[in-house]
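S.K.: With the sequence up front, the predicted model follows.
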Amino acid sequence: MNKSALPRLRGALAFGTTMAVAGIGGAIADAVGLVGGWLTGALAAVLLAGWAGLPLAMPMTMRSVALAFAGLTTGAMITPDVFSEAARLAATMGGLLLSTVAILGASYLVHRSIGRSAAPTAFYSSWPGNTLLAFAGAETSAADLLGRWLVKGGDTVWQDGPVTRAVRQGAVLYLDEIAEAREDVIVVLHPLSDHRRELHLDRRDETLAAPPSFTLVVSFNPGYRKALKELKPSTRQRFVALQFDYPQAEIEAEVVAREAGIEGAIARRLVTVAHKLRALDELGLAETASTRLLVNTAALLREGLPPRVACRHGIVDPLTDDPAVAAAMQDVVDLAF
């Protein structure tokens with residue numbers, strides 16, 4: 001048998017297994033008289049089969065067909081009598097709306113408190129379709145982002161990577177440090193980020209067309225990385241570009257105070273130190289004081305370290321190990337504290 005046909009055969013067998021399990025579960029639930037037996041029985045059976053390690057699969061095309069039939073079934077039930085009873089459904093619809101808001105809010109809090117995600121990331125990750133984050137550094141290969149074959153339960157199963165999952169789900173995909181990505185990663189992203197909007201999975205002999213909701217966002221830090229590796233013009237021209245600089249002093253101080261939980265006056269002093277260091281080009285720093293360093297330093301201050309000691313370990317030492325440069329930076333700190 002042609003090796004290129006093996007992935008398709010495995011996928012067909014997994015799909016057949018899924019349909020058989022769902023049919024058996026639905027039939028049993030319907031036979032015992034459960035409400036919505038075919039739906040709940042199929043759902044429970046497939047969940048148990050997946051938990052047991054059976055190879056399961058549902059192609060996106062079939063998912064779309066199933067959703068279409070679900071929509072047709074629901075729509076066919078909407079009759080004039082339903083609208084006449086709308087007043088009686090007000091409490092139910094209100095409860096549904098409140099539960100939806102509660103679920104989104106709980107998801108947001110989980111991302112913020114446990115995942116430590118920034119507020120915008122937590123917000124967009126909480127909505128249906130979600131946001132997938134991935135790091136595209138020098139050690140990240142195309143297989144890490146696309147997916148790979150794994151041995152599971154004595155069988156070989158395919159596991160999607162973050163890029164493949166985002167394309168299948170029509171999600172927002174955010175790739176950080178794209179300028180340091182390997183060449184094989186850039187090759188994969190090119191047809192996905194131009195007019196083709198396609199993702200080719202050579203290991204599965206499959207090509208995915210990105211749905212309209214799919215969005216690709218990339219970022220990198222310009223400046224000091226240009227001497228090492230710069231984003232290719234052919235890649236840059238596939239995106240709409242936005243340049244971000246440090247926020248205004250008032251806004252940056254507000255961010256530092258909120259993220260670290262310190263007083264606004266202390267945050268403003270830290271921002272003053274950062275602005276002075278950023279203006280000293282003669283120091284020859286590869287990277288200057290970032291807002292992240294200010295938040296880390298503010299956290300040290302919150303724990304009780306003296307301001308000058310906290311700035312030494314939170315700002316000065318992370319940026320340089322040159323004694324002369326460190327002394328000059330410490331002088332700037334001493335002027336503020």
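M.R.: Nice, I can see it. Because the structure is a prediction, the values reported are computed rather than measured.
S.K.: Could you list the low-pLDDT ranges of the stretch 151-300 of the chain?
M.R.: 223-229 (pLDDT under 70).
S.K.: same thing but 50
M.R.: 225-227 (pLDDT under 50).
S.K.: Which parts of it are helices?
M.R.: In the stretch 151-300 of the chain, the helices defined using DSSP state H, counting those that start in this stretch lie at 162-169, 183-193, 233-236, 249-260, 264-278, 291-302.
S.K.: Can you tell me which of the ones you listed is most buried?
M.R.: Of these, the one with the most neighbours on average (mean count of other Cβ atoms under 10 Å) is helix 162-169, at a mean of 22. In this view, the C-beta of every residue, glycine as well, is placed from N, C-alpha and C.
S.K.: May I have it as PDB, with CA atoms only?
M.R.: This file holds the C-alpha atoms of helix 162-169, laid out as PDB (Å, rounded to 0.1, in the frame of the first residue of the first chain):
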ATOM      1  CA  PRO A 162      -1.400  25.000  17.600                       C
ATOM      2  CA  VAL A 163      -1.400  26.300  14.000                       C
ATOM      3  CA  THR A 164      -3.400  23.400  12.700                       C
ATOM      4  CA  ARG A 165      -5.900  23.700  15.600                       C
ATOM      5  CA  ALA A 166      -6.300  27.400  14.900                       C
ATOM      6  CA  VAL A 167      -7.000  26.900  11.200                       C
ATOM      7  CA  ARG A 168      -9.500  24.100  11.900                       C
ATOM      8  CA  GLN A 169     -11.400  26.200  14.500                       C
END
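S.K.: circling back to that earlier point, is it possible to get JSON lines of the helices of the stretch 151-300 of the chain that adds distance to residue 75?
M.R.: Below are those laid out as JSON lines (distance: least, Cβ to Cβ, whole Å):
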{"stretch": "helix 162-169", "distance to residue 75": "24"}
{"stretch": "helix 183-193", "distance to residue 75": "34"}
{"stretch": "helix 233-236", "distance to residue 75": "44"}
{"stretch": "helix 249-260", "distance to residue 75": "47"}
{"stretch": "helix 264-278", "distance to residue 75": "55"}
{"stretch": "helix 291-302", "distance to residue 75": "50"}
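S.K.: Would you mind measuring from residue 306 to residue 337?
M.R.: Distance of residue 306 to residue 337, computed by Cβ to Cβ, to the nearest Å: 8 Å.
S.K.: Those two: who's more crowded?
M.R.: More crowded of residue 306 and residue 337, by other Cβ atoms under 10 Å: residue 337, with 16 against 11.
S.K.: secondary structure class for the spatially most central residue of the chain?
M.R.: When Cα atoms, centre = their mean is applied to the chain, the residue found nearest the centroid is residue 132 (2.3 Å). At residue 132 the chain is in strand, as set by DSSP: H, G, I helix; E, B strand; the rest coil.
S.K.: In contact with it, which residues?
M.R.: Going by Cβ atoms under 8 Å, 6 or more residues apart in numbering, residue 132 touches 162, 165-166, 171-174.
S.K.: Tell me which residues touch residue 177, please.
M.R.: So residue 177 contacts 135-137, 219-221 (Cβ under 8 Å, 6+ apart).
S.K.: now it, nearest residue through space, not along the chain?
M.R.: Take residue 177 and drop its neighbours on the chain: the residue closest to it by Cβ to Cβ, 6 or more residues apart in numbering is residue 137, 5.1 Å away.
S.K.: Residue 180 is in contact with the one you found, correct?
M.R.: Yes - using Cβ atoms under 8 Å as the test, residue 137 is close enough to residue 180 to be in contact (5.1 Å).
S.K.: So the two - more neighbours on which side?
M.R.: residue 180 (19 against 16).
S.K.: about what we covered before: with distance to residue 287 added, can I get the contacts of residue 177 in TSV?
M.R.: Shown next, in TSV, are the contacts of residue 177 (distance: Cβ to Cβ, whole Å):
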residue	distance to residue 287
135	18
136	19
137	16
219	16
220	13
221	8
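S.K.: from these, which would you call buried?
M.R.: Burial by neighbour count, judged by 16 or more other Cβ atoms under 10 Å, picks out 135-137, 220 from these.
S.K.: re the thing from before, I'd like to know which of the helices of the stretch 151-300 of the chain lies nearest to residue 320.
M.R.: helix 264-278 (10.5 Å; Cβ to Cβ).
S.K.: Just the CA atoms of the closest one, as PDB, please.
M.R.: Taking Å, rounded to 0.1, in the frame of the first residue of the first chain, the C-alpha atoms of helix 264-278 are listed here in PDB:
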ATOM      1  CA  GLY A 264       1.000  55.200  42.200                       C
ATOM      2  CA  ALA A 265       3.700  57.500  43.500                       C
ATOM      3  CA  ILE A 266       6.200  54.600  43.600                       C
ATOM      4  CA  ALA A 267       5.200  53.500  40.200                       C
ATOM      5  CA  ARG A 268       5.800  57.000  38.800                       C
ATOM      6  CA  ARG A 269       9.300  57.100  40.300                       C
ATOM      7  CA  LEU A 270      10.100  53.800  38.600                       C
ATOM      8  CA  VAL A 271       8.800  55.100  35.300                       C
ATOM      9  CA  THR A 272      11.000  58.200  35.700                       C
ATOM     10  CA  VAL A 273      14.000  56.000  36.100                       C
ATOM     11  CA  ALA A 274      13.100  54.000  33.000                       C
ATOM     12  CA  HIS A 275      12.600  57.100  30.900                       C
ATOM     13  CA  LYS A 276      16.100  58.400  31.900                       C
ATOM     14  CA  LEU A 277      17.700  55.100  31.200                       C
ATOM     15  CA  ARG A 278      16.000  54.900  27.800                       C
END
